[in-house]
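A.B. asks: What follows is a protein structure lacking sequence information:
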Ligand SMILES: [Zn+2]
C-alpha cells in the first residue's frame, strides 16, 4: 500500500468498483498514512463511497481535483473519476510527480460505448495497475456486462450526446449494466459489412 503509483479500477455500474476502492483505502483510517478520497460535487447519489456491501469511506466533494494540491496527503483516492475532467487528470500527474499515491475508480465507457476522455487521460499516465471489472448483465444475467446502459423513461437512450457527457444521477436517467449483446448504444460507428469482400 506504500508504493507511489497509480492504481485504476474501471468497469460499468454495478461492477463492484466502489467495493474495491473501499477495500483498498478503508484500512488507511487505522494507519498514520494521510489520505483523502474525493468525489465530484456533481455526484449526488450518496454521501461518501458506499459499496453494495455497506462498507463506507469518508469522502470530500469537490468541483476540481486541484483542491488536492493544497493538501498534505500521502494517498489520494478518486471515486467516479469519469465525472472529473481532463484538466483534473493533469492534477493527478502532478500528484504522482510529488510522490502521492493515487487510486482512482470509475466508469470507463460513456453512453456511446466510448471511453470517457478523463479516463483515457488517466490511462495515458501509465498506471501500475488497471483492473477491469465486469457486472452481471441486467437483461441476460451473464456475468459479462461491460456497458452502462442509459435508460430514458425506461427505454434505451439512443440520442447521441457529445462524447464523455457525464450524465446526472439525479433520477433523470436510470442505468443498467449490460453485456455487448444486450446493450443498445447510439449508432455512432458504422460497422463495415463488406470489409473482407
Ligand atoms: Zn446481456
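C.D. replies: Great, that's in hand. Fair warning: this is a prediction, and the values are worked out from it, not measured in the lab.
A.B. asks: isn't there a helix covering residue 120?
C.D. replies: Yes - assessed with DSSP: H, G, I helix; E, B strand; the rest coil, residue 120 lies in a helix.
A.B. asks: and it, how many neighbours does it have?
C.D. replies: By other Cβ atoms under 10 Å, 14 other residues sit near residue 120. To be clear about C-beta, it is placed using only N, CA and C from the backbone, and glycine gets the same treatment.
A.B. asks: who's in contact with it?
C.D. replies: If a contact means Cβ atoms under 8 Å, 6 or more residues apart in numbering, then residue 120 has no contacts.
A.B. asks: In terms of pLDDT, where does it sit?
C.D. replies: At residue 120, the model reports a pLDDT of 98.
A.B. asks: what do you get for the one 10 residues further on?
C.D. replies: At residue 130, the predicted lDDT confidence score is 97.
A.B. asks: mind starting the numbering at 788 from now?
C.D. replies: Okay, using 788 as the starting number, the last item reads as residue 917.
A.B. asks: who's in contact with it?
C.D. replies: 795, 796, 797, 910.
A.B. asks: repeat for residue 960
C.D. replies: With Cβ under 8 Å, 6+ apart, residue 960 has these contacts: 937, 938, 939, 944, 954.
A.B. asks: can you do 10 Å?
C.D. replies: Contact analysis of residue 960 by Cβ atoms under 10 Å, 6 or more residues apart in numbering lists 898, 936, 937, 938, 939, 940, 944, 954.
A.B. asks: Nearest to residue 885, out of those: which one, please.
C.D. replies: residue 954 (32.6 Å; Cβ to Cβ).
A.B. asks: separation between that closest one and the ion?
C.D. replies: 21 Å (Cβ to the ion, to the nearest Å).
A.B. asks: now residue 863
C.D. replies: Residue 863 is 35 Å from the ion, by Cβ to the ion.
A.B. asks: just to revisit the earlier point, ok, the contacts of residue 917 vs the ion, which is closest?
C.D. replies: Of all those, the ion sits closest to residue 797, with 19.1 Å by Cβ to the ion.
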